[in-house]
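Participant: Have a look; sequence and predicted model below, questions after that.
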Amino acid sequence: MATTTMSEALNQALQDCLAEDDRVVVFGEDVGPLGGVFRVTDGLTAKFGEERCFDTPLAESGIVGMAIGMAMNGFRPVVEMQFDAFGLPAFDQVVSHAAKYRNRTRGTISLPLVIRVPTNGGIGGLEHHCDSSEAYYAHTPGLIVVAPSTVEDAYTLLRDSVALDDPVIFLEPKHLYWSKTDQELPRQGDPIGQAAVRRSGRDVSLITYGSSVPLALEAADAAVEEGWDVEVIDLRSLVPLDEATVTASVRKTGRAVVLAEAPGFASVASEIAARIGEECFHSLLAPVRRVTGFNIPYPPPKLENNYLPSVDRVLDAVADLQWEDS
């Protein structure tokens, strides 16, 4: 049976968007004939021409600035930031303009713009190639922030993002580009803003997103040997956040662990933990735990495994929850 990787699913989503809407354009550094560093845009220039998928200079601020202008004038640009931290030179354009135009113009100007951001570690890259910058974007009002974890979601969520009339930060977990499915890609999936229960459980809610979802499922399987039944919630988007699914799970289990690859201080994981504390206080049997990256710059490749969350760290957090209840 044929398999599809996440990279191929994203490529197919872009092909379908380009074929169905002449306003869609794809551009960025090396996304044209080369097909991008991770080959997500492979073959798009050959199929749709250089006016629809093209290379830009190495200037992220210029890429996003041009995309904002094109979106204001009827196009639906999809741009790539090549690596997560490479997008930081464009941060002023994203925060000061892309996120604010609808509010600034009292709703008369929308910005149908998707910024694709290959993010997170797990590939043995150096510090500027493995950052996790989701908290910056999630903190910025006016941006939608999407984080797929499965091949199927990568396809449907990217298509849904291109169809929106507001700017979307589309976070693509790099080390999942080669994850596979043998299922046919769905034409439609759950909408942006709807979390998914990837594994049902009764004892602990493990809330996560993007690159950390496979780790959460692995940890949940390992927890069975310890007698713990772990429920795994995949947020799928950070903004909007499906607080209802999260709180329903925590109220059922009474315990919560938030898992994320980014550093923990002032993070998305912190916000989720705070909301659980506010909304589920009387249901909690133990304090909410977080398992995150450490509050240091991303380490060299040989130390990457010491930095990234692991099954053992997740199980230690779950054990702490059990101890609090004893």
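Facilitator: Nice, thanks for sending it over. Numbers count the residues shown, from 1 in each chain.

Participant: Show me what the longest strand that the chain contains packs onto, helices and strands only.
Facilitator: In the chain, assigned by DSSP state E, the strand with the most residues is strand 256-263. Strand 256-263 makes packing contacts with strand 204-208, helix 213-223, helix 268-279, strand 289-293, helix 311-324 when contacts are defined by 3 or more Cβ pairs under 8 Å, 6 or more residues apart in numbering; DSSP states H and E. From N, CA and C alone the C-beta is placed, and that goes for glycine too.

Participant: got the residue ranges for the helices in the stretch 1-150 of the chain?
Facilitator: Under the criterion DSSP state H, counting those that start in this stretch, the stretch 1-150 of the chain contains helices at 6-20, 44-48, 60-72, 91-93, 101-104, 134-138.

Participant: and the ones you listed, which one is worst for confidence?
Facilitator: With a mean of 92, helix 101-104 has the lowest mean pLDDT of these.

Participant: Of all the helices of the stretch 1-150 of the chain, which one is nearest Ser149?
Facilitator: Smallest distance to Ser149 across the helices of the stretch 1-150 of the chain (Cβ to Cβ): 9.1 Å, for helix 6-20.

Participant: Quick check: the residue lying closest to Asp203 once chain neighbours are set aside vs Ile272, distance?
Facilitator: With Cβ to Cβ, 6 or more residues apart in numbering as the criterion, Asp203 has its nearest non-adjacent residue at 4.6 Å, and that residue is Asp229. Per Cβ to Cβ, to the nearest Å, Asp229 is found 21 Å from Ile272.

Participant: for Tyr101, same thing?
Facilitator: Plainly put, Tyr101 is 28 Å away from Ile272 if you go by Cβ to Cβ.

Participant: which one of these two has more residues nearby?
Facilitator: Ile272 (25 against 21; other Cβ atoms under 10 Å).

Participant: Can you name the residues that contact the more buried one?
Facilitator: Shown in contact with Ile272 (Cβ atoms under 8 Å, 6 or more residues apart in numbering): Ile207, Leu235, Leu241, Val246, Val258.

Participant: check which helix or strand covers the fourth one.
Facilitator: Assigning secondary structure by DSSP states H and E places Val246 in helix 243-253.

Participant: same for that helix, what does it pack against?
Facilitator: Based on contacts counted as 3+ Cβ pairs under 8 Å, 6+ apart, the elements that helix 243-253 packs against are strand 204-208, strand 230-234, helix 268-279.

Participant: Could I get those in JSON lines, plus columns for mean pLDDT and distance to Ala154?
Facilitator: As requested, those are arranged in JSON lines below (pLDDT from 0 to 100; distance: least, Cβ to Cβ, whole Å):
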{"stretch": "strand 204-208", "mean pLDDT": "98", "distance to Ala154": "16"}
{"stretch": "strand 230-234", "mean pLDDT": "98", "distance to Ala154": "12"}
{"stretch": "helix 268-279", "mean pLDDT": "98", "distance to Ala154": "19"}
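
Participant: So for Val78, which of the helices of the stretch 1-150 of the chain sits nearest?
Facilitator: Val78 lies closest, by Cβ to Cβ, to one member of these: helix 6-20, at 6.6 Å.

Participant: can I see the domain layout of this protein?
Facilitator: 4-181, 196-324 (automatic domain parsing).

Participant: Turn the ones you listed into JSON lines, columns for distance to Asp190.
Facilitator: Supplementary listing: the domains of the chain in JSON lines, determined by distance: least, Cβ to Cβ, whole Å:
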{"stretch": "domain 4-181", "distance to Asp190": "8"}
{"stretch": "domain 196-324", "distance to Asp190": "6"}
